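S.K.: Make a model of this:
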Amino acid sequence: MLGNLSGWHLVILLVVILLLFGAPKLPGLARSVGQSMRIFRSEVKTMKDENSSESSTDSSSDSSSDTPPKP
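M.R.: Now for the predicted structure:
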């Protein structure tokens, strides 16, 4: 969908954004978008870490239950 954008499309999009938000508000808008992306990335990393720790715990408990106890 976004692959069809050429250079002129991006220039027009930037001009429209500049007209809508105004030059003084753009740094604050960019800062809030950056903070949102940082929070999103940290949450995704946390979810991946939790998922990997759960899968390693599950695999170790599964392997121990498959082998019969030694007398």
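S.K.: Which helix or strand contains the residue nearest the centre of the chain?
M.R.: Closest residue to the average C-alpha location of the chain: R41 at 4.1 Å, with CA atoms, centre = their mean. Using DSSP states H and E, R41 sits in helix 26-66.
S.K.: who does that helix touch, helix- and strand-wise?
M.R.: Applying 3 or more CB pairs under 8 Å, 6 or more residues apart in numbering; DSSP states H and E, one finds that helix 26-66 makes contact with helix 7-21. For every residue, glycine as well, the C-beta is placed using N, CA and C.
S.K.: now the helix it packs on: mean pLDDT?
M.R.: For helix 7-21, mean pLDDT is 86.
S.K.: which of the residues in it are buried?
M.R.: Within helix 7-21, no residue is scored as buried using 16 or more other CB atoms under 10 Å.
S.K.: which helices and strands does that helix pack with?
M.R.: Contacts defined by 3+ CB pairs under 8 Å, 6+ apart place helix 7-21 against helix 26-66.
S.K.: and the angle for the helix it packs on with helix 7-21?
M.R.: Between helix 26-66 and helix 7-21, the angle comes out at 110 degrees (axes from the mean of the first three to the mean of the last three CA atoms, to 10 degrees).
S.K.: Now do the contacts for L26.
M.R.: With contact set as CB atoms under 8 Å, 6 or more residues apart in numbering, L26 has these partners: 17-18.
S.K.: ok, it to L20 distance?
M.R.: Counting by CB to CB, to the nearest Å, the gap from L26 to L20 is 10 Å.
S.K.: can you check L14 too?
M.R.: Using CB to CB, L14 is found at 11 Å from L20.
S.K.: try H9
M.R.: Separation of H9 from L20 (CB to CB): 16 Å.
S.K.: Fine, thanks again, bye for now.
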